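# whatever this is, show me its structure:
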Amino acid sequence: MQLTTLNQITDNRKHLLIREIENYRIRLRNEEKKRDIEKEEALVSVAQLGFESPINYKKTGQPYLENFPDLHLSISHSKGWIAVYISDKPIGIDIEFENPRIMYGVTYYINKDEEQFIDTIQDLHIVWGAKEAFYKWKEGKIADSKNDITITNINRETNQVSVQFENETYLFDFLQEGEITIVLN
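Sure thing, here's the model as predicted:
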């Protein structure tokens with residue numbers, strides 16, 4: 001399945017919402033705290049998806065819907081964008097707004113086997129996003145994301161990224177649209 005637009009990635013997932021936060025920069029200038037905006041917008045997104053519920057957090061940091069404890073919730077935000085994904089099975093999502101400073105952190109998250117992906121900012125955002133989404137999917141139960149998770153392939157024809165963990169390979173979908181990179185399972 002090739003994912004080419006934001007609409008296609010959300011159409012294939014019933015309880016996924018990706019949107020730009022209205023008046024984000026103005027709200028920040030008006031002294032609203034970034035964390036408070038993100039928490040409020042996550043609740044708004046959950047409600048837009050049809051779930052009325054407070055969001056709580058497990059000891060692992062994984063968010064969950066208090067009123068729907070059997071469902072899985074993944075949240076990501078970046079530079080005024082938010083992604084909220086709810087499913088009946090474990091999930092992970094990451095959204096990244098393109099930032100050239102990602103090049104400065106390469107040694108923090110790229111392992112030796114992933115050095116082939118350091119040529120473009122777009123590839124680095126996919127690698128970072130895949131590791132973040134995978135980490136969330138595993139509820140943070142990974143000791144060392146840099147070395148325990150390895151990105152082995154980025155397939156731009158299918159918009160999938162291969163993630164290797166404990167000798168198993170997992171496929172995550174990705175989308176790059178404008179300055180936004182989204183990775184999710």
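# any idea where the strands of this structure begin and end?
Under the criterion DSSP state E, strands of the chain are mapped to 16-20, 55-57, 63-65, 72-78, 81-87, 93-97, 149-155, 160-165, 168-177, 180-184.
# now tell me what touches the second one from outside.
Translated: strand 55-57. 39, 42-43, 46, 63-66, 73, 75 (Cβ atoms under 8 Å, 6 or more residues apart in numbering). C-beta coordinates here come from the backbone N, C-alpha and C atoms, glycine included.
# please repeat the previous calculation with a cut-off of 10 Å.
39, 42-43, 45-46, 62-66, 69, 73, 75, 84 (Cβ atoms under 10 Å, 6 or more residues apart in numbering).
# mind giving me the domain ranges of this structure?
6-95, 96-184 (automatic domain parsing).
# redo those as a markdown table? Include mean neighbour count.
Listed next are the domains of the chain as a markdown table, based on neighbours: other Cβ atoms under 10 Å:
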| stretch | mean neighbour count |
| --- | --- |
| domain 6-95 | 16 |
| domain 96-184 | 17 |
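# the longest helix in the protein is where?
Secondary structure of the chain per DSSP state H: the longest helix is helix 121-137.
# state the mean pLDDT of that one.
Computed over helix 121-137, the mean pLDDT rounds to 97.
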